[in-house]
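**Q** Make a model of this:
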Amino acid sequence: RMETDCNPMELPNTDFEENSDYRDFEGTDVKDMRLEAEAVVNDVLFAVSNMFVSKTLPCAEDVAYINVETRERNRYCLELTEAGLRVVAYNFDQTDDRLQTPYHETVYSLLDSLSPAYREVFGNALLQRLEALKKDSQS
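**A** Model (predicted):
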């Protein structure tokens, strides 16, 4: 296992962020947060124990809820809005109005702050992708 000083948060994010901007060109100005939430889940599912869009809490055009269990077995309910993502409860399918947690622009930033194991798995995946790109460019 290789240790690295590389912070995945410093690398440009091309998948989720940029693709969401293109929806405006497809004739709709409204972002469906359920679709955004599904994209978030698909992006980082490999680096957590469990993650899925809540079927219990209401999704709308402007809000969706995502349940995530980190590799440390901590459970969170995340709120996804135009403002970003934030923890709204420390269990699945719940919200706690008393919680005043900060918004994160990306799911990477949020999980990076919650889960050291996520950070390690994500960093290792980046290293593997870089190694693969290096091999491809040498062949």
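
**Q** okay, CA-based contacts and neighbour counts for the rest of this
**A** OK.

**Q** Now do the helices in this structure.
**A** When secondary structure is read from DSSP state H, the chain shows helices at 16-22, 33-44, 107-114, 116-138.

**Q** Going by mean pLDDT, which of those helices comes out lowest?
**A** In terms of average pLDDT, helix 16-22 trails the rest of the helices of the chain, at a mean of 44.

**Q** Now do stretch 48-62: distance from first to last residue.
**A** From its first residue to its last, stretch 48-62 covers 25 Å (Cα to Cα, to the nearest Å).

**Q** Equivalent analysis for stretch 49-68, please.
**A** End-to-end distance for stretch 49-68: 8 Å, by Cα to Cα.

**Q** switch to numbering from 823
**A** Noted, 823 is the first residue going forward, which turns the last one into stretch 871-890.

**Q** which of the residues in that stretch are buried?
**A** Judged by neighbour count (16 or more other Cα atoms under 10 Å), stretch 871-890 contains these buried residues: 872-876, 881, 885-890.

**Q** Dump these to JSON lines, plus distance to residue 932.
**A** Conversion of these to JSON lines gives the following (distance: Cα to Cα, whole Å):
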{"residue": "872", "distance to residue 932": "15"}
{"residue": "873", "distance to residue 932": "14"}
{"residue": "874", "distance to residue 932": "16"}
{"residue": "875", "distance to residue 932": "16"}
{"residue": "876", "distance to residue 932": "18"}
{"residue": "881", "distance to residue 932": "20"}
{"residue": "885", "distance to residue 932": "17"}
{"residue": "886", "distance to residue 932": "16"}
{"residue": "887", "distance to residue 932": "14"}
{"residue": "888", "distance to residue 932": "12"}
{"residue": "889", "distance to residue 932": "13"}
{"residue": "890", "distance to residue 932": "11"}
